[in-house]
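Q: quick check, what structure comes out for this input:
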Amino acid sequence: MDEIKKNNLKGIFWMIGTIICFCLMGVTIKELSFKYNSFEIQNFRNILCILIIMLFYIFKNNIKISTKQFKNNLIRNFFHFIGQSGWTYGLTVLPLATVFSIEFTMPIWATIIAIVIFKDKLTVFKFIFLTLGMIGTWVIVVPDTNTIDANCIIVLISAIFYAFAHNYTKILTKTDNTISVIFWMSLIQLPFTIIGSLLLGKIQFNIFNELPLIILLALSALGAHFCLTSALRAGEPSLVLPIDYLRLPLIYVVGWYLYNESLSTNIIVGSIMIMTGAFILIKKNVN
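A: Residues are numbered from 1 along each chain as shown. Purely as a prediction, here's the structure:
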């Protein structure tokens, strides 16, 4: 097995860790949303992530949090903040299955961005993936009634911004380590989430009862971004990102079991179309 295939295989395993962590993060956000708004939830995540990383930095000499690409960190986190805010808001008002299904259009946008901006090659299999993905997206966002849910559009826009962020993550990992990317993400985004909380009128400090959930949120967020950044460092974005579609059936079961959420036909059909295109692309890349 050559070096490229080894790296892509490592990227796939890191994406499995990403799937588990993002599912945990989705559930904790859903639980916290019964008391806190989306910006407050992001405050908790950012503050605890910074504290946890600083503890590791103090007690472990080999942890590096410096960056050689501060400008790209700013650009990446501009896109990521908007994407994260839309995703978090979506989890507070929509079923888990709906939010995750729409979010999984992100590899479609990431592939388009990689082709248009970063000059990635458009192959026949990528074209099939994009075609099935776009049709599947339309099926999910526009239900049988032919009306578009505004909350679904917010999550869809967040997926596009996530796609920009992921392409910049790949650039950052050429010089910066994973912990550095996560640290600067939390530090740069914290002022924006605080401002967002104030604009919505409140910042609550009574968090004792929810502290276990908040800690789990921070740990799952750290784990998700560590695994995702490691996956993007190891493998090609157009290969490792579609692996995330395996999160769909898992979150469907979680939403049904914890919140009695049911699946609509358009979500099932649209998700199958997107996953079919993704797995065709994955199979071709692995071969």
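Q: next structured bit after the least confident helix or strand in the chain by mean pLDDT?
A: When each helix and strand of the chain is scored by mean pLDDT, DSSP states H and E, helix 237-240 comes last, with a mean of 72. Next along the chain after helix 237-240, taking DSSP states H and E as the criterion, comes helix 247-259.
Q: let me see the mean pLDDT of that next one.
A: When pLDDT is averaged over helix 247-259, the result is 87.
Q: other SSEs contacting that helix?
A: Helices and strands in packing contact with helix 247-259 are listed as helix 3-32, helix 96-103; criterion 3 or more C-beta pairs under 8 Å, 6 or more residues apart in numbering; DSSP states H and E. C-beta: built from backbone N, CA, C; applies to glycine.
Q: what residues of that helix count as buried?
A: Along helix 247-259, the positions that meet the burial threshold by neighbour count (16 or more other C-beta atoms under 10 Å) are 247-248, 251-252, 254-255.
Q: same check on stretch 262-282?
A: Along stretch 262-282, these residues count as buried under the neighbour rule (16+ other C-beta under 10 Å): 266-268, 270-271, 273-278, 280-282.
Q: which residue ranges of the stretch 151-287 of the chain form helices?
A: Read by DSSP state H, counting those that start in this stretch, the stretch 151-287 of the chain holds these helices, from start to end of the chain: 178-199, 211-234, 237-240, 247-259, 265-286.
Q: to residue 113, which of those helices lies closest?
A: Using C-beta to C-beta as the measure, helix 237-240 is the one of the helices of the stretch 151-287 of the chain that comes nearest residue 113, at 9.4 Å.
Q: contacts made by stretch 107-114 with the rest, please.
A: When contacts are taken as C-beta atoms under 8 Å, 6 or more residues apart in numbering, the neighbours of stretch 107-114 outside the stretch itself are 120, 126, 129-130, 133-134, 137, 159-160, 162-164, 166-167, 237-238, 241-242, 244-245, 274, 278.
Q: could you rerun that using 7 Å?
A: If you take C-beta atoms under 7 Å, 6 or more residues apart in numbering as the criterion, stretch 107-114 is touched by 120, 126, 129-130, 133-134, 137, 159-160, 163-164, 166-167, 237-238, 241-242, 278.
Q: distance check, residue 177 against residue 62.
A: For residue 177, the distance to residue 62 equals 10 Å [C-beta to C-beta, to the nearest Å].
Q: ok, those two, which is more surrounded?
A: A side-by-side neighbour count of residue 177 and residue 62, using other C-beta atoms under 10 Å, places residue 177 first with 19 against 7.
Q: right, and that one touches residue 64 too?
A: Yes - Residue 177 is in contact with residue 64 according to C-beta atoms under 7 Å; the separation is 5.7 Å.
Q: low-confidence ranges in this protein?
A: 1, 143-147, 237-238, 282-287 (pLDDT under 70).
Q: centroid-nearest residue for it?
A: The chain has residue 162 as the residue nearest its centroid, 6.7 Å off, counting by C-alpha atoms, centre = their mean.
Q: secondary structure class of the closest residue in space to that one that isn't next to it in sequence, three-state.
A: Here the nearest residue to residue 162 in space, its sequence neighbours aside, is residue 83; by C-beta to C-beta, 6 or more residues apart in numbering that works out to 3.8 Å. When classified by DSSP: H, G, I helix; E, B strand; the rest coil, residue 83 comes out as helix.
Q: now do residue 83 against residue 158, distance only.
A: According to C-beta to C-beta, residue 83 and residue 158 sit 4 Å apart.
Q: again, but for residue 151
A: From residue 151 to residue 158 the distance is 11 Å (C-beta to C-beta).
Q: which one's more surrounded, those two?
A: Regarding residue 151 and residue 158, a neighbour count based on other C-beta under 10 Å identifies residue 158 as having more, with 25 against 17.
Q: relative to residue 98, how far out is the more buried one?
A: Plainly put, residue 158 is 13 Å away from residue 98 if you go by C-beta to C-beta.
Q: next one: residue 33
A: Note on residue 33: its distance to residue 98, by C-beta to C-beta, is 14 Å.
Q: which residues sit in contact with residue 157?
A: Residue 157 makes contact with residue 86, according to C-beta under 7 Å, 6+ apart.
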